[in-house]
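Undergrad: no sequence for this one, just the structure:
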DNA sequence: GTCTGCTATGTGTGATCACAGATAACAGAT
DNA sequence: ATCTGTTATCTGTGATCACACATAGCAGAC
């Protein structure tokens, strides 16, 4: 192999925080971003976007050399994701995206309804006008993609994610948001199998109806209507995946 | 310092798995337990038992030498707990138990009601006779401790935890259980401030009433009654802590 | 006394090395 | 051809070293 390009010994590690007496508060807080944080964010993005299939394996060193760092930051990022059930390391010393048996999928769906329902109720109550507009924006994007002659599943999936996350962010409950994100990390790999299923998946789905109902309820500040629509959205998407019979066990 | 006792270089690392042709399946699966796993479990236990106060700081090397390993396993364990919000590493390079502002505490209480309520409903539906008995067992232990002349807060707290966890385990939803455990890791440090508040805390609290109601509902398989009692338990315990006005912000 | 600048120590982070064990490829025997 | 024992390679895990930076302690100037 003899891979030696781009020596990892650069040690960018952290920005210098500049503090000059006099404009103390003027300078924006520079948040420390470790390499492990970056790798963590990258892996999260891959999982959320459904660019990793359940059961897919990889190695620490492989990832490390692909990113251009040593194995160390990858180790830390992976161990965080393992703690969140987004990855798993088998007793055989092998890292992989966890499988998704039906039972686990149904459990996750149940938890999602509970937690995302809670976030939706809170968001309807707490969302600012700007945040409502943001949700509406993504709802339009999703609907527009659906009405295209040849809708792109991956694009629709991204708009779907943005819509949901904009809603949950508007709840202003950071811990709840993080837990929901952890849930999406787990279902991400199978969402892959959903929206990319066929070109008609987006068209024939009822997601756009639920989304419209959510936005409508958000606009008139009706928490329970929003929750009902959201749960229907989650449930029907789950039904579609379950009905395809591709989940093991 | 020159700390050199108990050289960490022993590398116990993993048990040998013995496979003899013929009694293949007879031998129990030996689950791999890395050092990092052990440290992780230890830290979890400390947090769950409320033996760490919010804001308390520590160092990787300090913990490592206390346990007798290198810093490496501690690093991994800590990074997992950081991912779960059970610990945090400040931009100043300092690891500590996160603070608990009122807003975060109230958010956690809300999430707990949702998730633990869900687990309770599932448990009432799915619990075996043995699991019901186990819950009843811990309920009796808690009640007994309360009726003592001088109840021990720490002991009562442990029985309280065992009661709740026995209930949630009976739901047979492993992911949900793990998420609830992650929640308790976060509230553990302040539960410390609760049950250890005064000798009368256990006596004057209404926890035993709620617990009895939960067990009764479990016995007659009434999910909603159980959930209502559980939510009341969580909420009133939270009210007590909030009323003491010791949480910052 | 109060403040400023410097130094020393200790921290988390990243890289590198060492090791046990798992996997796969292959040789030989049946 | 199928199985078995062996070897070679690669994996995650743990230990150790190196480094940038934060903090605390102290000395010096006003």
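TA: Now that the structure is in, tell me what you want to look at. This structure is a prediction, so every number in the text was calculated from the model and none was measured. Numbering: from 1, shown residues only, chains lettered A, B, ... in the order given.
Undergrad: so which elements touch the helix or strand containing residue A:66?
TA: Element membership for residue A:66 (DSSP states H and E) is helix A:60-67. In terms of contacts (3 or more C-beta pairs under 8 Å, 6 or more residues apart in numbering or on different chains; DSSP states H and E), helix A:60-67 is packed against helix A:35-48, helix A:71-83. Placement of C-beta: from N, CA and C, glycine included.
Undergrad: following the shortest one, which helix or strand shows up next?
TA: The reference is to helix A:71-83. Downstream of helix A:71-83, the first helix or strand assigned by DSSP H and E is strand A:88-90.
Undergrad: ok, the longest one next?
TA: Helices and strands here follow DSSP H and E; after helix A:35-48, the next one along the chain is strand A:57-58.
Undergrad: what strands line up against that next one, and which way round?
TA: With DSSP bridges as the test, strand A:57-58 is paired with strand A:94-96 (antiparallel).
Undergrad: sorry, back to before: got the helices and strands packed on helix A:60-67 as CSV, with mean neighbour count, distance to residue B:115 and mean pLDDT columns?
TA: As requested, the helices and strands packed on helix A:60-67 are arranged in CSV below (neighbours: other C-beta atoms under 10 Å in any protein chain shown; distance: least, C-beta to C-beta, whole Å; pLDDT from 0 to 100):
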stretch, mean neighbour count, distance to residue B:115, mean pLDDT
helix A:35-48, 18, 22, 94
helix A:71-83, 22, 17, 95
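Undergrad: ok, back up a step: got the contact list for the helix holding residue A:66?
TA: Contacts to helix A:60-67, defined as C-beta atoms under 8 Å, 6 or more residues apart in numbering or on different chains, come from residues A:3, A:39, A:42, A:70-75, A:78, A:95.
Undergrad: so how far is that helix off the chain centroid?
TA: In this view, helix A:60-67 has its centroid 22 Å away from the chain centroid, taken as C-alpha atoms, centre = their mean, to the nearest Å.
Undergrad: tilt between it and helix A:71-83?
TA: 120 degrees (axes from the mean of the first three to the mean of the last three C-alpha atoms, to 10 degrees).
Undergrad: and helix A:60-67, what's buried?
TA: By 16 or more other C-beta atoms under 10 Å in any protein chain shown, the buried positions in helix A:60-67 come out as A:60, A:63-65, A:67.
Undergrad: also stretch A:92-99?
TA: Judged by neighbour count (16+ other C-beta under 10 Å), stretch A:92-99 contains these buried residues: A:95-98.
Undergrad: packing partners for the lengthiest helix in chain A?
TA: Across chain A, the helix with the greatest residue count (assigned by DSSP state H) is helix A:102-126. When contacts are defined as 3+ C-beta pairs under 8 Å, 6+ apart, helix A:102-126 packs onto helix A:153-169, helix A:174-195, helix A:207-219, helix A:223-244, helix B:102-126, helix B:174-195.
Undergrad: which is the succeeding secondary structure element to the longest one?
TA: Proceeding N to C from helix B:102-126, the next assigned helix or strand is helix B:129-147, under DSSP H and E.
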